[in-house]
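>>> Requesting a structural model of the entry that follows:
(one chain, ligands or ions: 3)
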Amino acid sequence: MSKKFKESFEKTKIAGSIASGALDEVSKIIKPGISTDQIDKICYEFINDHKAYSAPLFYRGFPKSCCTSANHVVCHGIPSDKILKEGDIVNVDVTAFKEGWHGDTSRMFKVGEISIKAEKLINATYESMMKAISIIKDGVHLGDIGSTIQTHVESQGFSVVQDFCGHGIGQTFHKEPNVLHYGEKGTGDKISSGMIFTIEPMINMGNYQTKTLNDGWTAVTKDKSLSAQFEHTIGVTKDGCEIFTLSNTKN
Ligand code: MF3
Ligand code: CO
Ligand code: CO
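Numbers count the residues shown, from 1 in each chain. Ligands and ions are numbered 1, 2, ... in the order given. Sure thing, here's the model as predicted:
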């Protein structure tokens, strides 16, 4: 691997492990009765303690350090004094900026006991992301990634959100290419070694359509059905890929 790629992979891994470390901290405090602002505070402090910046904070006017998207919120939920209750599912999305590079990751958290159907949605979403990651290597088409996710999710009766996508990432938070989570095999640009991007499927229990609330950020399912999302930042290699945002505890 060239010297340039080596540096970008190393730096993204450092930023990515801070972001996933923040989520590991969140996992320790998630329970019925906490507010999404408390989650935001944990993320802000963890990232700060690691001498990094939270990329979402003030990004295009976003007011907080992470996104907290509960139940029918698809993505970009704004932390607030909203209290999480037994049975809720919530995505927490964190992006750390360290020494000029970004690491972007999100996970679903269960608040107390959740329903079996919510559990199934979360599992299908995670599996679709990991299946897509497993096919990535130099020369794969972007459409192969989308198709892998869409096929898995639809086989379980769920739908893929089309209004948001994964993205190239590096010294810039969001850059080319757009990584769609649906599509046809063999279509779209080919990815190549050294590319760094996110895979972050948003999967709805009902219809795929979304709308954005008046706060200008919060995206929700149009039919109010539950939605789930996971996100990893990955780097493409000759015969596979490196995941930069694995959990520091579990993996
Ligand atoms: N982390 C989100 C992503 O995966 C972006 C959040 S932008 C914000 O791309 F402003 F809403 F925080
Ligand atoms: Co992202
Ligand atoms: Co993100």
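>>> and the stretch 151-251 of the chain, which of its residues are near ligand 2?
Taking CB under 5 Å from the ion as the criterion, the stretch 151-251 of the chain approaches ligand 2 at residues Thr198. Backbone N, C-alpha and C define where each C-beta goes, glycine included.
>>> what about the closest residue to ligand 2 within the stretch 151-251 of the chain, which SS state?
As assessed by CB to the ion, ligand 2 sits closest to Thr198 within the stretch 151-251 of the chain, at 4.1 Å. Classification of Thr198 using DSSP: H, G, I helix; E, B strand; the rest coil returns strand.
>>> Mind listing the residues bridging to it?
Using DSSP bridges, the beta-bridge partners of Thr198 come out as Thr233.
>>> And for Ala70?
Residues in beta-bridge contact with Ala70 (DSSP bridges): Val90.
>>> That one reaches Lys85, doesn't it?
No - between Ala70 and Lys85 there is no contact under CB atoms under 8 Å: 9.5 Å.
>>> higher neighbour count, those two?
Higher neighbour count among Ala70 and Lys85: Ala70, with 19 against 13, using other CB atoms under 10 Å.
>>> Show the pLDDT at that one.
Here, the pLDDT recorded for Ala70 equals 98.
>>> Also the one 10 residues further on?
Per-residue confidence for Ser80 comes out at a pLDDT of 98.
>>> Next: Asn251.
Among the per-residue scores, Asn251 shows a pLDDT of 43.
>>> picking up where we left off before, the residue of the stretch 151-251 of the chain closest to ligand 2: what's it in contact with?
104, 166-167, 169, 179, 231-234 (CB atoms under 8 Å, 6 or more residues apart in numbering).
>>> what about 6 Å?
Thr198 sits next to 104, 166-167, 169, 231, 233 when contact means CB atoms under 6 Å, 6 or more residues apart in numbering.
>>> just the helices in the stretch 1-150 of the chain please.
Here the stretch 1-150 of the chain has its helices, by DSSP state H, counting those that start in this stretch, at 3-29, 36-49, 116-135, 142-155.
>>> closest to Asn207 out of those?
Distance to Asn207, taken as CB to CB, is lowest for helix 142-155 among the helices of the stretch 1-150 of the chain, at 12.6 Å.
>>> Quick one: mean pLDDT for the closest one?
Averaging pLDDT along helix 142-155 yields 98.
>>> do the same with stretch 115-134
Throughout stretch 115-134, pLDDT has a mean value of 98.
>>> Dig out what the spatially closest residue to Ile199 that is not a sequence neighbour forms beta bridges with.
The spatially closest residue to Ile199, leaving aside those adjacent along the chain, is Gly166, at 4.8 Å (CB to CB, 6 or more residues apart in numbering). As for beta bridges, Gly166 partners with Val179 under DSSP bridges.
>>> list the contacts for Gly166?
Gly166 sits next to 179, 197-200 when contact means CB under 6 Å, 6+ apart.
>>> Then Gly157?
Going by CB under 6 Å, 6+ apart, Gly157 touches no other residue.
>>> Mind doing that once more with 10 Å?
Neighbouring residues of Gly157 by CB atoms under 10 Å, 6 or more residues apart in numbering: 120-121, 124, 205-206.
>>> where's it relative to Ile199, distance?
According to CB to CB, to the nearest Å, Gly157 stands 21 Å off from Ile199.
>>> go on, His152?
Distance of His152 to Ile199, computed by CB to CB: 13 Å.
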